[in-house]
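*Asks:* below: sequence and its predicted model.
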Amino acid sequence: GYANEVGESFRPLVPLSVVWASYGVASAYVTTDAIHKGRKAATVSDPDQATRVGVAVVDTFIWQSLASVAIPGFTINRLCAASLALLGALTHWPLPLRRWTTTALGLATIPLIITPIDRTVDFLMDSSIRKLYRAPGEPPAP
């Protein structure tokens, strides 16, 4: 799930195709997790099984797409772009050193952004789309 963040961190050092491939890996993870949650929901003996499976797949896919791909990828991309620009403006370091520093900063930031992004996506989904398919009084999804 963190492949695209790593790809974005390495953007200054690798060909763009490697960055896009990292998004492919992250998207494959998101899709696999959604399918897994759907299969898990399908094992529950329930007359509303088809609905439960659909909700599990859709909810997981949307959550993972936002929390594991779109928002963290954008965040790391912008952080690395800004840091590379700032290092260019504020230092006389050679370009390779600025690129490696930007990559290190991007990688170091990944663990710091995970929890705030996850909580934000939970809040956004609980406040919007989950209201469409959650039964009243049902606790939030993990």
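*Replies:* Noted; the coordinates are in hand.
*Asks:* all helices of the protein, in order?
*Replies:* 3-9, 16-42, 49-64, 71-90, 95-127, 130-133 (DSSP state H).
*Asks:* now the ones you listed as CSV including mean pLDDT and mean neighbour count?
*Replies:* In this view, the C-beta of every residue, glycine as well, is placed from N, C-alpha and C. Formatted as CSV, the helices of the chain follow (pLDDT from 0 to 100; neighbours: other CB atoms under 10 Å):
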stretch, mean pLDDT, mean neighbour count
helix 3-9, 96, 23
helix 16-42, 92, 16
helix 49-64, 86, 18
helix 71-90, 97, 16
helix 95-127, 97, 15
helix 130-133, 87, 12
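*Asks:* list the contacts of the closest residue to C80 other than its chain neighbours.
*Replies:* Spatial nearest neighbour of C80, chain neighbours left out: G106 (4.5 Å); criterion: CB to CB, 6 or more residues apart in numbering. Counting by CB atoms under 8 Å, 6 or more residues apart in numbering, G106 touches 5, 8-10, 76, 79-80, 83.
*Asks:* between those, which is nearest K37?
*Replies:* E5 (21.9 Å; CB to CB).
*Asks:* tell me the domain ranges of the chain?
*Replies:* 11-90, 94-134 (the TED database).
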